[in-house]
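Student: Next come a sequence and a model predicted from it.
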Amino acid sequence: MERAAQNKTVFDPLKLREDFPILRRRVHGKPLVYLDNAATTQKPNAVIDALKNYYETHNANIHRGVHTLSYESTLMYEEAHEKAARLIGAPDWRSIVFTRNATESINLVAYAWGLRNLKKNDEVLITLMEHHSNIVPWQMLRDRIGIRLNYVRVGRGGELDLDGLRGLITERTRLVSVVHASNVLGTINPVKLIADAAHKAGALVLVDAAQSVPHLPVDVIDIGCDFLAASGHKMMGPTGTGFLYGKPELLESMDPFLYGGDMIEKVTMERSTWNELPWKFEAGTPDIGGAIALGAAVDYITALGPENVAAYEDELLGHALGRLSEHEWIKIYGHGGGERVGVISFNVEGVHPHDVAGVLDEEGIAVRSGHHCAQPLMADLGMDYAVRMSFYLYNTKEEIDLAVEAIKKAKRIFG
Amino acid sequence: MERAAQNKTVFDPLKLREDFPILRRRVHGKPLVYLDNAATTQKPNAVIDALKNYYETHNANIHRGVHTLSYESTLMYEEAHEKAARLIGAPDWRSIVFTRNATESINLVAYAWGLRNLKKNDEVLITLMEHHSNIVPWQMLRDRIGIRLNYVRVGRGGELDLDGLRGLITERTRLVSVVHASNVLGTINPVKLIADAAHKAGALVLVDAAQSVPHLPVDVIDIGCDFLAASGHKMMGPTGTGFLYGKPELLESMDPFLYGGDMIEKVTMERSTWNELPWKFEAGTPDIGGAIALGAAVDYITALGPENVAAYEDELLGHALGRLSEHEWIKIYGHGGGERVGVISFNVEGVHPHDVAGVLDEEGIAVRSGHHCAQPLMADLGMDYAVRMSFYLYNTKEEIDLAVEAIKKAKRIFG
Amino acid sequence: MEPDQYEYILDHYKNPRNYGKIEGADATYEEGIPSCGDVVRIDVKLNDGVIEDVKYSGTGCAISQASVSILTDSVKGKSVRDILSMKDEDMLSALGKPISPVRFKCALLGVKVLKKALLAKTAS
Amino acid sequence: MEPDQYEYILDHYKNPRNYGKIEGADATYEEGIPSCGDVVRIDVKLNDGVIEDVKYSGTGCAISQASVSILTDSVKGKSVRDILSMKDEDMLSALGKPISPVRFKCALLGVKVLKKALLAKTAS
Ligand SMILES: Cc1ncc(COP(=O)(O)O)c(C=O)c1O
Ligand SMILES: Cc1ncc(COP(=O)(O)O)c(C=O)c1O
């Protein structure tokens, strides 16, 4: 990621930190160092205030109301769709469906498209680098319909086996569903190239962008994907937010997913017809407040410039890789060169990852240890469990240095 | 509803109103009068502060973290399940699955139980009084599996035809899914009696409690239902919250609904196994902040006492029915006696419901006009559209009087 | 907002102008707002790009029905281009009373339908 | 928390006591924490409601493995009832170092498994 910071405003992490109230918190008497951003990110005042403002001033159900609060809520809720659409370069805000999280976005495709359109022996191609949320829904379809689920392999350096991928795309392949940026290795996959290859074979393409949209410029038209799944809570939005982008004609052609109020045009005892996009896929009262606050998070990213966020996180990543590789007893997985987001999974020789994370916690440092919801990848890499640190725009090199000191302490104690 | 207010603290709506910041808002220069509570309710400071506090102090992903924030979030999130369980008398907090809304709760049952367990010609019995969210999921199963969907009729007075219901329960009936309190007529259905009848025939029972849990004492053990669906946002919780109660052994026996992270025990390339309840049904990062704030809403209701809320709302309802029936040109639907929650649907002779609601909006009064997501019921009652006012614990008789004056004004203008 | 401000709207609501259909219309379009049940159909007779006759039918609230009556009363003799370049404010300001944003959808249904009728015609 | 506070835990982690299995055990139970991969199995030999012998096996972090080693070292000669009435704090305070709540699950895995083994036995 050799992106230059060409933004008008200088990117000043120390100043940004003031926007995040939780960063003033202390843990075990030490200042919080939050390096678990791949799990979920912290929220700036702008997002918290958007929630507060919504509930204190506008809150009402949307769509059907002929009263002022309902009217305001509807406008604000639609605007949140527009903001999400603009962030990922989607020309039509109606192609954005709000969901609870990236997992629901992928399940929506599995149920509303897959369960209805796939047949026995149709193939879905994923990779060994997927998060469980982009594996288990397809296993469900395999168990129910008898589709075949194939996996692209991953090299030791953390790269997708692209030749292997091309070989696995057959005339039976109906969908290629691939993670944009790995939540374990940080690898950024060449999704545009993959989408091209898939489309040549007549397959659709879903991009799991849970770890890319928050950290990189992402453009669905440039990528050419048919679907894109994202988490709002991993990009400073509230928990309970996520979205699915789908090509409008594809979404139009699909059955609904959840059935009930607001997604219908007309209901009789005998049958129902569907509302227009995106409402057709948003049954029941949506998370109006959450979506509006996610809109505030998008504004925050947009004001900084996704390219500047990417450049800064790349700096952090370079620093962390440098500091960690000073120690031969730290084993880093998959950073074999090429573009990466700010995610590093590693193990400390002779120390269980849980114990590493436990010592870091005592120092106020939040990292994750475990299988990172990617057990097939972990099994393939022969590690099962690892420590992971993952960065966001409010992290600093000093925080990384503190983490490295704490890792050394864990090694001293348990190694 | 002749429930006595036996609570220790006196129920003082004027004092309660101070807890709801939005009630200080003005609309078209007039103080807001919010009578659209069946759509969604307003949020007290306790709920807004719970959101703020969560994001400012604890926010982290749950389950897998060995760090303090994650640990705290996990405890708080589990505690929110406990609070919801206690509110509805569920002995085991693991029988509470958090969802986005009541609609998703019902869809969960339709997909995870219905789609997997129902066969052609199996019968699902619902009523003509259902909200779309308790109709359209079953129509989906009818279209996909060929089940039969039967409707219990509703009398002009707003009562379910209980004899008809008994007659419609056959040995083929696999599920009776019925609304506890109607969002159009306010009717409180005898769900305990219905559950008995259904169980005798070997059918399961789902209660749509979206309009009852916020307003009445509800006890799943007393009712004896197998599932209960509720909206968090209709009981002062944030938008994006709802839950499903299911008997634990039933939930255990069911397939999952959404597939991905956190709902698994172990994933390999070939197969996956499921986590324990309720996580098996909560795939991906849940709305942690929303659930915790819903917990604060439950605390608020519990402190007041659901029986006191019910008694006060019954007072409001009585007052409103009295004031509205002073005018023979106001037609009220279905209040033919028997227990009701605080919901009144009506029409003004010669005035389109939209115009009534529009005039009320100009007076700062929020009511709903439309089909209230219950088109089959509306068609059956021969009205298609109506104005609806619905009360909550922060409403007052004075507000109702203001609404009645505004209705008279609408009649003067348009009648 | 006092009752009398509604006078113009009420006049059109209770005495709709141009209500009906046109046999052999050059352009026809119908659309509704499913959530509130308003429906408007407009038939147009054109002559060399100019609206020669227009009629509407439909049901719904006073605002939607009066607005379309008022609209049809003002467009005869106007060109298709004039109509297509009409702004929402042009319609709103023709109603004789400030309309609250919550009713914009109702008030603008007629002009939306008329534009769609003309666009469909132009496209064909 | 300075390194030396971990001494007792480390001693048990690196030199596990009672590691192994018991042929013909009266009670056996195994459980893991799927999210972190800790697994503990405990075999118990009983004599008239008293623990005569106990062995454990498993894998996982230092806290979980040391805790179960420490536990097994202290329960021989105790009655089933003693064990079932053990409180979480009893286990935590036996570790020679204050344990942060984030590690409670690890530290308490052993005692949970032992109780389940004895409960299963009592029930059968
Ligand atoms: C790559 C990837 N995909 C999907 C997910 C699932 O995201 P969510 O928890 O928002 O459903 C995650 C986050 O854990 C992820 O890292
Ligand atoms: C009786 C009833 N059931 C279900 C629902 C759907 O609730 P939600 O919007 O939370 O999905 C509603 C609310 O509109 C309702 O009134």
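Tutor: Okay, I see it. Given the structure is predicted, the values throughout are model-derived calculations rather than measurements. Ligands and ions are numbered 1, 2, ... in the order given.

Student: where in the chain is pLDDT low?
Tutor: Picked chain A for this. Counting by pLDDT under 70, chain A contains low-confidence residues at A:1-9, A:64.

Student: was after chain C, sorry
Tutor: C:1-4, C:124.

Student: Spell out which residues of it are next to chain B.
Tutor: Contact residues, chain C versus chain B (CB under 8 Å from any CB of the partner chain): C:1, C:3, C:6, C:10, C:13, C:35-38, C:60-64, C:100, C:102-103, C:106. In short, each C-beta sits where N, CA and C put it, glycine included.

Student: is any part of stretch A:399-408 close to chain B?
Tutor: No: judged by CB under 8 Å from any CB, stretch A:399-408 stays clear of chain B, getting no closer than 11.6 Å.

Student: could you pull out the strands for chain C?
Tutor: Applying DSSP state E to chain C gives strands spanning C:27-33, C:38-47, C:50-59.

Student: Give me whichever of those is most buried.
Tutor: Among the strands of chain C, strand C:38-47 has the highest mean neighbour count (mean count of other CB atoms under 10 Å in any protein chain shown), at a mean of 21.

Student: Each with direction, which strands does that one pair with?
Tutor: Looking at strand C:38-47 with DSSP bridges, its partner strands are strand C:27-33 (antiparallel), strand C:50-59 (antiparallel).

Student: hmm, who's touching the last one?
Tutor: The set of residues external to strand C:50-59 that reach it, using CB atoms under 8 Å, 6 or more residues apart in numbering or on different chains, is C:16, C:18-22, C:25, C:30, C:37-46, C:64-65, C:68-69, C:72, C:75-80, C:83, C:110, C:113-114.

Student: hey, where'd the helices end up in chain C?
Tutor: In chain C, helices defined by DSSP state H lie at C:7-14, C:62-75, C:80-84, C:88-93, C:104-123, listed in chain order.

Student: contact partners of the first one?
Tutor: Outside helix C:7-14, the residues that touch it by CB under 8 Å, 6+ apart are B:413-414, C:62-63, C:65-67, C:69-70, C:73, C:95-97.

Student: how about 7 Å then?
Tutor: By CB atoms under 7 Å, 6 or more residues apart in numbering or on different chains, the residues outside helix C:7-14 that reach it are C:A62, C:I63, C:Q65, C:A66, C:S69, C:I70, C:L95, C:G96, C:K97.

Student: how big is the angle separating that helix from helix C:62-75?
Tutor: Calculated by axes from the mean of the first three to the mean of the last three CA atoms, to 10 degrees, helix C:7-14 forms an angle of 90 degrees with helix C:62-75.

Student: From what I see, A:I135 and A:I126 are in contact.
Tutor: Yes: if you go by CB atoms under 7 Å, A:I135 and A:I126 touch, sitting 6.3 Å apart.

Student: Compare the two (neighbour count), which wins?
Tutor: A:I135 (30 against 25; other CB atoms under 10 Å in any protein chain shown).

Student: Please name the residues that touch the more buried one.
Tutor: If you count contacts by CB under 7 Å, 6+ apart, then A:I135 has A:I126, A:P376, B:V267 around it.

Student: 10 Å instead, please
Tutor: Contact criterion CB atoms under 10 Å, 6 or more residues apart in numbering or on different chains gives A:106, A:126-128, A:149, A:151, A:177, A:373-377, B:259-261, B:264, B:267-269, B:272 as the residues in contact with A:I135.

Student: Out of these, name the ones that lie in strands.
Tutor: Assignment to strands by DSSP E places the following of these there: A:I126, A:T127, A:L149, A:Y151, A:S177, B:I264, B:V267, B:S272.

Student: And the second one, how far from ligand 1?
Tutor: When CB to the nearest ligand atom, to the nearest Å is applied, the distance between A:T127 and ligand 1 equals 11 Å.

Student: How about the residues of chain A by ligand 1?
Tutor: Contact residues, chain A versus ligand 1 (CB under 6 Å from any ligand atom): A:38, A:101-103, A:131, A:133, A:179, A:183, A:208, A:210-211, A:231, A:242, A:373.

Student: nearest to chain C, of those?
Tutor: Nearest to chain C out of the residues of chain A next to ligand 1 is A:G242 (CB to the nearest CB; 26.0 Å).

Student: so that closest one touches A:R100, yeah?
Tutor: Yes: assessed by CB atoms under 10 Å, A:G242 is found in contact with A:R100 at 5.9 Å.

Student: hey, what's in contact with both of those two?
Tutor: Common contacts of A:G242 and A:R100, defined by CB under 10 Å, 6+ apart, comprise A:S231, A:G232, A:H233, A:D287, A:G290, B:G284, B:T285.

Student: which phi and psi does the nearest residue to the second one once chain neighbours are set aside have?
Tutor: Across the structure, with CB to CB, 6 or more residues apart in numbering or on different chains as the measure, the residue nearest A:G232 apart from its sequence neighbours is A:T241 (2.9 Å). Per-residue torsions, A:T241: phi -120, psi 140 (degrees, to the nearest 10).

Student: Report the beta-bridge partners for C:N47.
Tutor: C:V50.

Student: Tell me which residues touch it, please.
Tutor: C:N47 is in contact with C:D26, C:D53, C:G77, counting by CB under 10 Å, 6+ apart.

Student: Dump those to JSON lines, plus distance to ligand 1.
Tutor: Output for the contacts of C:N47, formatted as JSON lines (distance: CB to the nearest ligand atom, whole Å):
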{"residue": "C:D26", "distance to ligand 1": "53"}
{"residue": "C:D53", "distance to ligand 1": "57"}
{"residue": "C:G77", "distance to ligand 1": "58"}
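
Student: quick revisit: weed out the non-buried ones from the residues of chain C next to chain B.
Tutor: Listed as buried from these are C:6, C:10, C:13, C:35-38, C:60-64, C:100, C:102-103, C:106; burial here means 16 or more other CB atoms under 10 Å in any protein chain shown.

Student: Tell me the one among the residues you listed nearest to A:I88.
Tutor: C:S35 (28.8 Å; CB to CB).

Student: separation between the closest one and B:L244?
Tutor: Using CB to CB, to the nearest Å, C:S35 is found at 27 Å from B:L244.

Student: Just the CA atoms of stretch A:163-174, as PDB, please.
Tutor: Below are the C-alpha coordinates for stretch A:163-174, written out as PDB (Å, rounded to 0.1, in the frame of the first residue of the first chain):
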ATOM      1  CA  ASP A 163      -3.500 -20.100 -10.500                       C
ATOM      2  CA  GLY A 164      -5.300 -22.500  -8.300                       C
ATOM      3  CA  LEU A 165      -8.300 -20.200  -8.200                       C
ATOM      4  CA  ARG A 166      -8.400 -20.000 -12.000                       C
ATOM      5  CA  GLY A 167      -8.300 -23.800 -12.200                       C
ATOM      6  CA  LEU A 168     -11.200 -24.100  -9.700                       C
ATOM      7  CA  ILE A 169     -13.500 -21.900 -11.700                       C
ATOM      8  CA  THR A 170     -15.500 -24.200 -14.000                       C
ATOM      9  CA  GLU A 171     -18.600 -23.900 -16.000                       C
ATOM     10  CA  ARG A 172     -20.500 -25.200 -13.000                       C
ATOM     11  CA  THR A 173     -19.300 -22.300 -10.800                       C
ATOM     12  CA  ARG A 174     -22.200 -20.100  -9.900                       C
END
